[in-house]
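Student: Mind folding the following:
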Amino acid sequence: MDFYHICFFLFYFFVKPTSPQLLINVKNQGGDVMQENITANVSEDTVTLEFLRLDGVYVSQLVDFTNEVEAMKVVIPGEEELGQFGYQTLCFLSHAAQADFIAPDAMAKLRQKNPGTVRVAEEDKGWRQSTATAWGGRAVRLLSAAAARHCAAARDRVYLRAADLARWPPRPGLDPSSPGSAVTPFPEHALTSDSSDGKPAVPPCLTETDSSKECICHLELCVNWYPCGLKYCKGKPQGGLSYRCGIKTCRRCHRQQYYVRRRDVCYSHT
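Tutor: Residues are numbered from 1 along each chain as shown. Prediction:
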């Protein structure tokens, strides 16, 4: 691990927010153990889950329940051998109906009887693929104040999909086709295939060798453990009422695809 990764590691584990957190030891599919931090903010109606991958990639997922916004922030360290220095912050916005986290008030009540236990999710929800169609830019502030703070470091690297825009309630400035829109669509040719052979008009960055050419970058990440539902048990025969008696836990992987104007700005860690 180089000096940069050591500094990033120390920052993550010792410079923590003051909000109460649930710290979970989680085993990934490779058998490695990582620590996840889960914070529920009842007053803002948000839940945040964050962790540091073993390759130095930091992931922070925020769900704003009131505004139905999910914001996945990813901080990717550059690879010096590829001429990438420093780090890159990305943020992917989507409609929160797919997040399937339990609500903040329920999350805030979770406690661990054995904090040192290594957790494994009960259900694997597989892969969710998302292809961005636009830069979010100023749109994130119109969608969610909490998400805007969460994604602030990403600046012009906030991405979203037209399909998700259609699911949120209409708001001034969120129509990509309107003048002065806060949303900037990707170039049209980046969203279509070459009609002559059916191949994508813009190639994947994995196959593009010219660092100055445009391409489609992809990023894969997995959230190996999160509370995705509540469990209910039946009461005694006399009462017959059910009561909350635990949580259901899930694993979900994400495959994000997005357009970049230059191959050399695609910091792709899979």
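Student: continuing past whichever strand or helix holds residue 224, what's the next helix or strand?
Tutor: Taking DSSP states H and E as the definition, residue 224 sits inside strand 215-234. Proceeding N to C from strand 215-234, the next assigned helix or strand is strand 242-260, under DSSP H and E.
Student: All the strands of the stretch 51-200 of the chain, residue numbers only.
Tutor: Secondary structure of the stretch 51-200 of the chain (DSSP state E, counting those that start in this stretch): strands at 58-64, 69-77, 87-95, 118-119, 123-131, 134-135, 158-160, 184-185.
Student: between these, which gets nearest to residue 44?
Tutor: In terms of Cβ to Cβ, the element of the strands of the stretch 51-200 of the chain nearest to residue 44 is strand 58-64, at 7.6 Å. For the C-beta atoms, the positions are set from N, CA and C on the backbone; glycine is no exception.
Student: Return the list of strands paired to the closest one, each annotated with direction.
Tutor: Strand 58-64 has the following strand partners under DSSP bridges: strand 46-52 (antiparallel), strand 69-77 (antiparallel).
Student: Kindly export that strand (C-alpha atoms) in PDB.
Tutor: Output of strand 58-64 as PDB, limited to C-alpha atoms (Å, rounded to 0.1, in the frame of the first residue of the first chain):
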ATOM      1  CA  TYR A  58     -14.200   4.400  -0.900                       C
ATOM      2  CA  VAL A  59     -17.900   3.900  -1.400                       C
ATOM      3  CA  SER A  60     -20.700   6.000   0.400                       C
ATOM      4  CA  GLN A  61     -24.300   5.300  -0.400                       C
ATOM      5  CA  LEU A  62     -27.000   7.800   0.800                       C
ATOM      6  CA  VAL A  63     -30.700   7.200   0.600                       C
ATOM      7  CA  ASP A  64     -33.000  10.300   1.000                       C
END
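Student: which residues are in contact with that strand?
Tutor: Strand 58-64 is contacted by residues 8, 12, 44-53, 69-75, 96, 99, 101, 144, 146-147, 150, 221, 223 when judged by Cβ atoms under 8 Å, 6 or more residues apart in numbering.
Student: at 6 Å what do you get?
Tutor: Residues outside strand 58-64 that contact it (Cβ atoms under 6 Å, 6 or more residues apart in numbering) are 46-52, 70-75, 96, 99, 101, 144, 146-147, 150, 221.
Student: now it: how far from the chain's centre is it?
Tutor: Distance, stretch centre to chain centre, for strand 58-64: 5 Å (Cα atoms, centre = their mean, to the nearest Å).
Student: Determine how far the strand holding residue 224 lies from the middle of the whole chain.
Tutor: That offset, for strand 215-234, works out to 10 Å (Cα atoms, centre = their mean).
Student: Convert the C-alpha atoms of it to CSV, please.
Tutor: Presented in CSV, the C-alpha positions along strand 215-234 are these (Å, rounded to 0.1, in the frame of the first residue of the first chain):
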residue,chain,number,x,y,z
CYS,A,215,-15.5,6.3,-24.5
ILE,A,216,-17.9,4.6,-22.1
CYS,A,217,-16.4,4.0,-18.7
HIS,A,218,-17.7,1.3,-16.4
LEU,A,219,-17.4,0.8,-12.7
GLU,A,220,-18.4,-2.2,-10.7
LEU,A,221,-18.9,-2.3,-6.9
CYS,A,222,-20.8,-4.4,-4.4
VAL,A,223,-22.5,-3.5,-1.1
ASN,A,224,-22.0,-6.8,0.7
TRP,A,225,-24.4,-6.3,3.6
TYR,A,226,-27.2,-3.9,4.3
PRO,A,227,-30.6,-4.1,6.1
CYS,A,228,-33.1,-4.6,3.3
GLY,A,229,-36.3,-5.4,5.2
LEU,A,230,-37.9,-6.1,8.6
LYS,A,231,-38.8,-9.5,10.0
TYR,A,232,-42.1,-10.1,11.8
CYS,A,233,-42.9,-12.9,14.2
LYS,A,234,-46.4,-14.1,15.2
